[in-house]
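A.B. asks: 3D, please:
(chains A and B, ligands or ions: 2)
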Amino acid sequence: MVSRIMLREMAKGQSGTIASVKVAGELGRRIREMGMVPGTTIKIQGRAPLNDPVALRVMGGTLTLRNNEADYIEVEVE
Amino acid sequence: MPESFKIALAGNPNAGKTTLFNRLTGARQHVGNYPGVTVEKKEGIYNSTSGASINIVDLPGTYSLTAYSVEEVVARDFLIHEKPRVVINITDAANLERHLYLTCQFLELGVPVVIALNMIDVARDRGISIEVARLADLLNVPIVAISARSGEGVDELLQVVEKVAQANQDWEPVYIAYGEDIDGAILEMEKQIEANSFLTDTYSSRWLALKYLENDKQVIEKGRSFAGRHDQEKVADCLEDKVEEVGKHVLATMETYPEAIVADHRYGYIKSILRQGVITHTYDEDRLYTSDRIDRVVTNQIFGPIIMLAVLLGLYHFTFTYSELPVSWLESLFGWLAGFFERLLPDGHLKSLLVSGIIGGVGGVMGFVPIIMFMFFGIAILEDSGYLARVAFMMDRVFRIFGLHGSSVMAYIISGGIAGGCAVPGVMATRTLRSPRERMATLLTAPFMNCGAKLPVLALMIGTFFSNNQAQVMFMLTLLAWVVALLVAKLLRLTVLKGEPTPFVMELPPYRLPTFRGLAIHTWEKTWQYIRKAATVILGASILIWVTMTFPGLPDSQKLVFENQRQEISASYAELNGQLHAEGSSVPVSQELTRQLAAIEAAQAGQALRHSLAGRLGRSLESITWLAGFDWRTNIALVGGFAAKEIVLSTLGTAYSLGGVDVEKGGSLSKTLAADPSWDKAKAFSLILFIMFYSPCFVTVVCIIKEAGSWKWGAFSMAFNTVFAMLLSTSVYQLCRLLGLGG
Ligand SMILES: Nc1nc2c(ncn2[C@@H]2O[C@H](COP(=O)(O)OP(=O)(O)OP(=O)(O)O)[C@@H](O)[C@H]2O)c(=O)[nH]1
Ligand SMILES: [Mg+2]
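C.D. replies: Ligands and ions are numbered 1, 2, ... in the order given. Modelled structure (predicted):
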C-alpha cells in the first residue's frame, strides 16, 4: 500500500520517494538544488535532540532540514 | 610558445576546491570540512610542466548559479564577465548525482568545462565505481578522476585542462529540454530578446530567457536597468509578463512553479545519464557508511548533547591546561623586558612610556597568544573532522527561538561562552553563517561573552566582594552572558535586523580525518592575525592611554608643594635620626621615612592623574556614571578598557595610586577596595555588569567593522552596548540602593 504523508510525519529509519515540493522562492530553490525533487528517494536518518531539525539521507549524502521547511515536502511511503 | 591564461575552480561547497587550489598554487588558503568555508574568490599562479603560467581562481562553493546568495553572485559574475578559458568543475565522486546539478548549469552557460571527479578515494572506500569514459561521452565533457588531498590524478587533470585551453573554443551552450510549457516560453522570449538585442552582449538569449523564468532577481533587475538606458521598457515588460503568464498557467494546471519545473528537469536529465550504467555500487546502496555509524551515537537524541558538552569542556580544558606554561613563559619574558628597561633607562617620561605604556600594554595582550593558538588548534580539529556541522545541527532549534542559527553556537563559544575565549576570533567565526541577518545578530552579540580579558577584573571583584561563593557567582555570570546575548539577539532580530529566518537546508559532510597541514594552516592563520593586531592596534592604544594619563603634568607650583613636603619631612627625620643615632637605634626611623615619602609620592601621582587628560575625562563622566555608582577613577579604567579589556584592571590599579604594588595579582587592590568606604557590593555588582556588557574592545570593533562591511555597525555596537550596559548597571545599582542591599 502506497500512501502520501508529509515529511514531518515520517519516522526515524523510514524511507520514501518525494512526491511534491510545494514552495517557491529561496526556500524552494534551496530544497531543490540539494536534490530534493519529485522522484528522489529519501530516508530519515535521525532528528536533533529537540526533534528538529531532521537529518535525511539523499542521494548518498546527508542533508538537514527544519521541520517547518519539511512541511512543504510530500512523500510517498510504502 | 605556451601562453598564459585564466581558469576557474568551481563547484559545490565542500567539494575540495581550495584543497586543489592550495596544491596547485602552493597557497595556504583555509580548508575545512564544513560547507561554505571560502567566501571570496582567491587568485594564484600555477606553472605547468609545459611552461605555461596559468592564472587560477578559487571560487566560493555554490549549489547553483542563481543569484540568491553573495557567493553565487561572486561565482556567476566571475564566469560571465571575466570569461575564464576553462572552468574546472570540482565534483564529489561519492555524491555525484547532486554535484552534477551545478555541472548542468555550467554546460547551459556554455563555458568550456573539465570535470574533476574529486574524492575518488572516498568513493572507492564506499564501493562506488564510476565509468569515467562513459560519463565523459554522455556529457560530452572531459573528465578526470582525482584526489585533491593525495594528489592522485592531478597532473593528468591539468594536462587535459591545458589542451582544452589551447583549443580555445567559443562558448557552446548545451540545451536541456524543460517540457512544453517552459520550452515554448523560452522560444518566444528568445525571439523577443534577439530581435531587440536585449542584453545579448552579456548573456546568450536562451540563458537569459531561462533566468527570467527561474525568477532570477539579479538578471531581472539588470534587464530593467538595461531597458531604462536603451529605451526598451516594452521588451522588459513583455518578458516579465510572459514569465507571469507561464507561472500562472503551471500553477493552475500542475500546482507547481516554473523554477521547480526547471530544477526537476535538470535532475531528470542527470538521472537519465547516470542510469546508463555509469555508477555501480559494490555494496548495498543503503548500507550505513562509517560516518553514519558515528552519527548514530554522536548526534543521538540523548547522548548527543552530553557528548557535545564533554567535547566543549574538553576543548577548554585542553586550551587552558596546555597553554598555561607558554603563557607563563611569555609573562616572564615581558616581565624581564620591563625590568631590563627599568634598570637601563633614567627615570622620566621615556622610561614610563616604554615600561608602563608599551611593554605593559602590548605584553599583556601578547600573553594571550598561546591561548589563542591552542583554542584554534582545537577548533580546527572540530571543524576539519566535520563535528562543527553536527553542533550546528543539534543547537539549531534552541537558537532559532532567538532569531539565530545553529552555526551561531560556535561563534559564541569561541568568544567566551565557557568563560575565557576571545571575541575577535569569535566574530571572525561567524563567517560560516550564510545568512547576513543571522550572521550580523551573532557577531553583534558574541562580544557579550566573558572573554579571557574580562576574567581577571571579574575575578577581582568577586574575590573582594562576594568571597563567600566565588564559584557560584562566576557560573551565574557565565549563564547571564548567554541569556543576555540571546535576548539582545532576539531584540536585534525584531528591530534593526528584522527578517525571515534563512532556510537551514544544510549538508552534513562525512567525518574526515583532519590533515596536519590543514590544522597547521588554520591555526597559524588565526594566530598571526591576532599577533598583528596586538603589534599595531594595541601598541597604538597603549601609547595613547599612557599619554592621556600622563599629560598635562602637574603645574610647577603644585609640584613645588609636594617637593617642599618631601624636604620638610626628610629634614625633620634627619634631625630625629641624629637624635636617635646617639641612642643607637636608627633602623625603624629610616623605614618610617621611606613610608611617608612613598605616601607623598602616591598623593602626588593621584593629584597628577586627576589633573591629566584622562583624569579630567573621568571626572566629567562622573556626572552620568554616579548613577551606576562609578567614581572618576573607575571611569578612567573603563575608558582604558576600550583599548583592551585587560587594561581595566591595570588602569584601576594605577588610578588608585598603588604605584609599585603588583596589581596583576590583585591582592592589594582588592584590600584597598575592600577598605574604601565608597565601595560596596552594589557598586561592585554594578561594575561587573558594566564590564561584561559595555562596548567591545577596540580590536573587536575593528573586526566587527571588517566582517560587517561597514563602520556603522562598529559604531552601533559601541554605542548600543555601552548604553545598554549603563542602563542595566544603573537600574541594578539604584535598585540595590533602594532596597538597602548595598552593604
Ligand atoms: N578524502 C578526501 N578528502 C578531501 C579530498 N579533497 C578535499 N578533501 C577534504 O574535503 C574537505 C573540504 O575541502 P575544501 O578544499 O575546503 O573544499 P571547498 O570546495 O574549498 O569548500 P568551500 O570553500 O566550503 O566551498 C576538507 O576536509 C578536505 O580535507 C580528497 O580528494 N579526498
Ligand atoms: Mg574553499
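
A.B. asks: wasn't B:Phe27 part of a strand?
C.D. replies: Not Phe; residue B:27 is Ala. No: assignment of B:Ala27 by DSSP: H, G, I helix; E, B strand; the rest coil gives coil, placing it outside any strand.

A.B. asks: return the distance of it relative to B:Glu43.
C.D. replies: 9 Å (Cβ to Cβ, to the nearest Å). For glycine as for every other residue, the C-beta is placed from the backbone atoms N, C-alpha and C.

A.B. asks: please apply the same query to B:Ala133.
C.D. replies: 33 Å.

A.B. asks: with B:Phe226 instead?
C.D. replies: Where B:Glu43 is concerned, B:Phe226 sits at a distance of 29 Å (Cβ to Cβ).

A.B. asks: tell me which of B:Ala27 and B:Glu43 has more neighbours.
C.D. replies: B:Ala27 (16 against 13; other Cβ atoms under 10 Å in any protein chain shown).

A.B. asks: could you look up the SS state of the nearest residue to the more buried one once chain neighbours are set aside?
C.D. replies: With sequence-adjacent residues excluded and distances taken as Cβ to Cβ, 6 or more residues apart in numbering or on different chains, B:Ala27 is closest to B:Gly44, at 4.9 Å. On the three-state scheme (three-state DSSP), B:Gly44 is labelled strand.

A.B. asks: top helix in the chain by residue count?
C.D. replies: With no chain named, the answer covers chain A. helix A:25-33 (DSSP state H).

A.B. asks: can you look at chain B instead?
C.D. replies: helix B:303-344.

A.B. asks: and that helix, how far from the chain's centre?
C.D. replies: 21 Å (Cα atoms, centre = their mean, to the nearest Å).

A.B. asks: thought B:Asn635 was touching B:Leu621?
C.D. replies: Yes: using Cβ atoms under 8 Å, B:Asn635 is in contact with B:Leu621, at 4.4 Å.

A.B. asks: okay, these two: which has more neighbours?
C.D. replies: Legend: neighbour count by other Cβ under 10 Å for B:Asn635 and B:Leu621, higher for B:Asn635 (22 against 18).

A.B. asks: show me where the stretch 101-250 of chain B has helices.
C.D. replies: B:120-125, B:132-139, B:154-167, B:179-195, B:205-213, B:217-230, B:233-254 (DSSP state H, counting those that start in this stretch).

A.B. asks: now B:Ala389: how far from A:Lys12?
C.D. replies: Taking Cβ to Cβ, one finds B:Ala389 at 20 Å from A:Lys12.

A.B. asks: the more surrounded of these two?
C.D. replies: B:Ala389 (26 against 12).

A.B. asks: in contact with the more buried one, which residues are there?
C.D. replies: Under the criterion of Cβ atoms under 8 Å, 6 or more residues apart in numbering or on different chains, the contact list for B:Ala389 reads B:Asn33, B:Tyr34, B:Pro35, B:Met506, B:Glu507, B:Leu508, B:Pro509.

A.B. asks: now swap in B:Gly304 and tell me
C.D. replies: Counted by Cβ under 8 Å, 6+ apart, B:Gly304 has contacts A:Ala48, A:Pro49, B:Val298, B:Arg390, B:Met394.

A.B. asks: about what we covered before: which neighbours do B:Asn635 and B:Leu621 have in common?
C.D. replies: In contact with both B:Asn635 and B:Leu621: no residue, using Cβ under 8 Å, 6+ apart.

A.B. asks: list the buried residues of the strand or helix carrying B:Met476.
C.D. replies: In the assignment (DSSP states H and E), B:Met476 maps to helix B:470-494. Neighbour-count burial for helix B:470-494, counted by 16 or more other Cβ atoms under 10 Å in any protein chain shown, picks out B:473-474, B:477-478, B:480-482, B:484-486, B:488-493.

A.B. asks: and B:Asp691, how many residues sit next to it?
C.D. replies: For the record, residue B:691 is Ile, not Asp. Close neighbours of B:Ile691, defined as other Cβ under 10 Å, add up to 22.

A.B. asks: how far away is it from ligand 1?
C.D. replies: 37 Å (Cβ to the nearest ligand atom, to the nearest Å).

A.B. asks: where's that residue relative to B:Val362, distance?
C.D. replies: Counting by Cβ to Cβ - B:Ile691 and B:Val362 are separated by 21 Å.

A.B. asks: same thing with B:Ile462?
C.D. replies: 28 Å.

A.B. asks: got it, and B:Trp524?
C.D. replies: Where B:Val362 is concerned, B:Trp524 sits at a distance of 20 Å (Cβ to Cβ).

A.B. asks: so the most far-flung residue of chain B relative to its centre is in which element?
C.D. replies: In chain B, B:Ala582 marks the outermost C-alpha relative to the chain mean, sitting 72.5 Å out by Cα atoms, centre = their mean. Following DSSP H and E, the helix or strand that holds B:Ala582 is helix B:556-583.

A.B. asks: how about stretch B:75-89 and ligand 2, any contact?
C.D. replies: No: residues of stretch B:75-89 contacting ligand 2 under Cβ under 5 Å from the ion: none, with a closest distance of 11.6 Å.

A.B. asks: okay, buried residues for that stretch please.
C.D. replies: B:Ala75, B:Arg76, B:Phe78, B:Leu79, B:Pro84, B:Arg85, B:Val86, B:Val87, B:Ile88, B:Asn89.

A.B. asks: is chain A contacted by that stretch?
C.D. replies: No: judged by Cβ under 8 Å from any Cβ of the partner chain, stretch B:75-89 stays clear of chain A, getting no closer than 13.5 Å.

A.B. asks: how about the helix or strand hosting B:Thr445: buried residues?
C.D. replies: Assigned by DSSP H and E, B:Thr445 belongs to helix B:436-445. For helix B:436-445, the neighbour count (16+ other Cβ under 10 Å) marks B:Arg437, B:Glu438, B:Arg439, B:Met440, B:Ala441, B:Thr442, B:Leu443, B:Leu444, B:Thr445 as buried.

A.B. asks: next one: phi and psi at whichever residue of the stretch 601-743 of chain B sits closest to chain A?
C.D. replies: Nearest to chain A, among the residues of the stretch 601-743 of chain B, is B:Gly709, at 20.9 Å (Cβ to the nearest Cβ). Main-chain torsions, B:Gly709, degrees, to the nearest 10: phi 80, psi 10.
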